[in-house]
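The sequence isn't on hand, but the structure is:
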């Protein structure tokens, strides 16, 4: 997983609330066990609507998605995060996320930014004509129009996202300590050698 410090570019001004994982990636596309190819099926039902933002050439390949409250609700499916990543989305900005989606997004290197509704409304307006920037170093979302919105994030998640560490990467960071433990473990947990005893003659 590649690290991310700043995400810049156009944003999809989607803005809908209570978008569940079945909207992000319909259930009939869940048979795959690979992460590639799901992007073309993302928001399939939305893309069936005339004039939808995902088929607007002005936002093609946008790395940022602006969503409404409770984004990613519904059933737990990591495929939703896979589909977003495969379509090129590296950051989602919303007033709130479902806990399960937020965790899946983090594990797949997608930055989930929580901002108040007033900030979302302003970003929706800006995104129609201007790019945005999501910066994990300054913990802010900015625009060329001098807008700046500061967000908070769990320090552990922020550090992992910036370093590009998934669960495997986190484990490998402790590779030396794991190797040392494995080298010592057989001796630490082997049965103790029997103590020597001194034989005494039996009483007459």
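Cool, the structure landed. Everything numeric in this text was worked out from a predicted model, so none of it was measured.

Point out where the chain drops to low pLDDT.
Counting by pLDDT under 70, the chain has low-confidence residues at 167-175, 178-183, 188-204.

try it again with 50
With pLDDT under 50 as the threshold, the chain has low-confidence stretches at 193, 204.

what are the ranges of the helices in it?
With DSSP state H applied, the chain shows helices at 21-24, 44-47, 79-86, 99-107, 117-127, 155-163, 167-173, 175-188, listed in chain order.

burial measure for residue 187, as a count.
Number of residues near residue 187 (other Cβ atoms under 10 Å) recorded here: 7. Every residue, glycine included, has its C-beta placed from N, CA and C.

re the thing from before, out of the helices of the chain, which is the most enclosed?
Using mean count of other Cβ atoms under 10 Å, the stretch among these with the largest mean neighbour count is helix 79-86, at a mean of 24.

Show residues contacting it.
Under the criterion Cβ atoms under 8 Å, 6 or more residues apart in numbering, residues 21, 24-25, 29-30, 32, 35-42, 65, 72, 92, 101, 104-105, 107-110 lie in contact with helix 79-86.

Could you point out which of the helices of the chain sits nearest residue 58?
Residue 58 sits nearest to helix 117-127 of all those, at 9.8 Å, using Cβ to Cβ.

contacting residues around that closest one?
Outside of helix 117-127, the residues within contact range by Cβ under 8 Å, 6+ apart are 10-13, 15, 59, 64, 66, 68-69, 93-95, 115, 132, 141, 143, 145, 147, 149.

what does stretch 12-30 give?
The list of residues contacting stretch 12-30 from outside it, by Cβ under 8 Å, 6+ apart, reads 38, 41-46, 53-54, 59, 62, 64-77, 79-80, 82-84, 89, 101, 120, 123-125, 127-128.

let's see 6 Å
Residues external to stretch 12-30 that are found in contact with it (Cβ atoms under 6 Å, 6 or more residues apart in numbering): 38, 41-42, 44, 53, 59, 62, 65-71, 73-75, 77, 79-80, 83, 124, 127-128.
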